[in-house]
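> can you look at this prediction? I've put the sequence above it.
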Amino acid sequence: SGINAESMGSDPTESIEKLAKKNGLVCKAISMGQGQEIHARKLLSSAMADGGWVLFQNCHLGLDYMDEMLDAVLNTENPHDKCRVWITTEPHPKFPITVLQSSIKFTFDPPMGVKAGLKRTFAGVTQDQLEISNLPEWKPLLYSVAFLHTCVQERRKFGPLGWNIPYEFNSADYTSTVQFCQNHLDDIDPKKGISWKTVQYMIGEVQYGGRVTDDFDKVLLNCLARAWFNDTMFRDDFSFYKGTHGTYNYVIPKCKTVDEYRSNIESMPNVDTPQVFGLHPNADITYQTNTATNCLSTILNIQPKESGGGEGESREQVVYRLAQEFLDKLPNDYIPHEVKDRLRKMGHLQPLNIFLKQEIDRMQRVIKTVRVTCKDLKLAIDGTIIMNDNLRDALDELYDARVPNSWKKISWGSSTIGFWFTELLDRNTQFHAWIFSGRPNCFWLTGFFNPQGFLTAMRQEITRAHKGWALDSVILYNDVTSKMKEDISASPPEGVYVYGLYLDGAGWDRKNVRLMEAQPKVLYASLPVAHLYAINTSLAKDPKIYECPVYKKPNRTDLNFIFQLNLRCNPATTPDHWIRRGVALLCDIK
């Protein structure tokens, strides 16, 4: 049997079926899942008897059947010579190792780079398909869909700069889009021409958009569809990316035959600049860093966990020393009655003070958990108490300089224990100063467990200060100042100042207070202090304002999303440019 380990954006079913057809055989496919074993048994026994191919898809969903299938293949007497079993599966930790060892394994990866992507797509295009429509728009449309298909797959490798969530775009999305474009051209009124709104909607919301679950990814996909599917694509000066300084110009080639297209694709560069996909050249640094980090963390995970008898400190001694260091540096517990007294003096019913009370409660829980774990770890290493699973996990993680799971659950994510502990001290400093020395002039947004709660409390405070305002109709608004945290000496008359945000994917022009291209090799730019406040009217959308999403951490998921901050674009660009750049604000870049 042949096993295909599936990777993102690839589906080998079509290729396997074509191969069977070429050899004059029938290939019957079945998708595994609950209750599919009965049908799978029937298919396998008939293929064993009559010869023919069987394709079991998504076998990671039918692991129980795998051992039985292997027995059937190995123990059937006189199976047919032409019988073959194909299996597709996603990598799964519980996949039976015996099945893996007794089969031929192959993987079907999406190609790397525009040239390789277009090459694979055009390998499946026939001359008949090129000539199916005699309208001049057909060939450029086909090429554009192929280019978009490669672009959406390539953006994945840049992590959150490319897509917030890496989607499984595959060849089925491409074929259905091509089919739609072909049908649309057959139906159009020659006088009116192509309805671009329809094409853009079908691509951005249905064919490719159907997979997209994140709102900001949907905005990006629609932005790509708008940029590359409109009347300008038939002009001679249209290009997906205009090469600068003699680099390759990505245009739609004017070709008559498939071979001409293929030879044109051959002339493309093997490596593309991220600008082709709408990203800044710095995105390459991000991509290479991510690749190296993944590789190193895999190596770390497969290291043996037992300590050897060599010289130097043992694992236990290293962790014992760490635990003692943490205990020495850990801030004191918050005493409930002291906190209560201070809150009463500050006005314990004010929205922001209620918020502060909730944050301090959560902070106290973290401090207490860290203290208990460190004390228990020391006792367990000394042999006074038994080392349970929780402590064993803490020992392993601390030795690898990572955050123990019991701490991560109640706190915040961080790449190393060093960064995490520093953040604990910084967060605590802000809360301690706020409760014992009064409200700060400028807030460190990163230091809150629940930043959305902070913004809502601020909106409530402003709503209460204005007679006749209702919280439902009050919306968040902001100005970015030109000051840094050090320059702030008083709090604003209304709203709050926040600092500690970093721009990812763009730079900041402090003089003109607007977005600009990032400096080469500078991945994150510090944003000056932002003044957040609330207004009672909804303003019309300004075409020069980019609504920039703000996330707590570098991995941009719904869980980490806080709110949108309005940033001015420079005169030469539109918000679409920054959407394609994948620009976001991060509270924490570690």
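Nice, thanks for sending it over.
> helix, strand or coil for Leu476?
With DSSP: H, G, I helix; E, B strand; the rest coil as the basis, Leu476 sits in strand.
> hey, what's it bridged with?
Ala534 (DSSP bridges).
> could you verify my assumption that it touches Leu455?
Yes. Contact criterion Cβ atoms under 8 Å: Leu476 and Leu455 qualify, at 6.3 Å. The way it works is simple: take the backbone N, C-alpha and C, and place the C-beta from them, glycine included.
> list residues touching both of the two?
Taking Cβ atoms under 8 Å, 6 or more residues apart in numbering as the criterion, Leu476 and Leu455 both touch 532, 563.
> more crowded one of these two?
Leu455 (21 against 18; other Cβ atoms under 10 Å).
> got the CA positions of the strand or helix carrying Ser406 in CSV?
In the assignment (DSSP states H and E), Ser406 maps to helix 405-408. Coordinates of the C-alpha atoms in helix 405-408 are reproduced here as CSV (Å, rounded to 0.1, in the frame of the first residue of the first chain):
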residue,chain,number,x,y,z
ASN,A,405,1.4,24.6,32.0
SER,A,406,-0.2,25.3,35.4
TRP,A,407,1.2,28.9,35.2
LYS,A,408,0.3,29.4,31.5
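> buried residues of it, list them for me.
406-407 (16 or more other Cβ atoms under 10 Å).
> check contacts around the nearest residue in space to Lys544 that is not next to it in sequence.
Leaving aside its chain neighbours, Lys544 sits nearest to Cys569 (5.2 Å; criterion: Cβ to Cβ, 6 or more residues apart in numbering). Shown here is Cys569, whose contacts under the criterion Cβ under 8 Å, 6+ apart are 514-515, 544-546, 575, 577-578.
> so among these, which ones count as buried?
If you count burial by 16+ other Cβ under 10 Å, the buried members of the contacts of Cys569 come out as 514-515, 546, 575, 577-578.
> which positions within the longest helix belonging to the chain qualify as buried?
The longest helix of the chain (DSSP state H) is helix 351-382. Using 16+ other Cβ under 10 Å as the test for burial, helix 351-382 gives 351-356, 359-360, 362-364, 366-367, 369-370, 373-374, 376-378, 380-381.
> just the element for Asn428, please.
Residue-wise, Asn428 maps onto helix 417-437 under DSSP H and E.
> got the angle between that helix and helix 351-382?
Here helix 417-437 runs at an angle of 140 degrees relative to helix 351-382 (axes from the mean of the first three to the mean of the last three Cα atoms, to 10 degrees).
> tell me the helix or strand right after helix 417-437.
Going down the chain from helix 417-437, the next helix or strand is strand 442-444, by DSSP H and E.
> what packs against that next one?
Packing contacts for strand 442-444, counted by 3 or more Cβ pairs under 8 Å, 6 or more residues apart in numbering; DSSP states H and E, involve helix 417-437, strand 496-499.
> could I get those as a markdown table with mean pLDDT?
Supplementary listing: the helices and strands packed on strand 442-444 in a markdown table, determined by pLDDT from 0 to 100:
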| stretch | mean pLDDT |
| --- | --- |
| helix 417-437 | 95 |
| strand 496-499 | 95 |
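> CSV please, covering those and showing distance to Phe106.
Listed next are these as CSV, based on distance: least, Cβ to Cβ, whole Å:
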stretch, distance to Phe106
helix 417-437, 40
strand 496-499, 52
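> please identify the most buried of the ones you listed.
strand 496-499 (a mean of 22; mean count of other Cβ atoms under 10 Å).
> tally of neighbours for Lys35?
If you look again at residue 35, you'll see it is Gly, not Lys. Using other Cβ under 10 Å, Gly35 has 8 neighbouring residues.
> how many neighbours does Asp237 have?
7.
> re the thing from before, contacts for the helix holding Asn428?
Applying Cβ under 8 Å, 6+ apart, the external contacts of helix 417-437 come out as 322, 326, 329, 331, 339, 342-343, 346, 356, 359-360, 363, 366-367, 370, 397-398, 401-403, 407, 411-412, 414, 440, 443-444, 446-448, 588, 590.
> make a PyMOL selection of the buried ones in the residues you listed.
In PyMOL, the members of those classed as buried (16+ other Cβ under 10 Å) are selected with the following command:
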select buried, resi 322+326+331+339+342+343+356+359+360+363+366+367+370+397+398+402+403+407+411+412+414+443+444+446+447+448+588
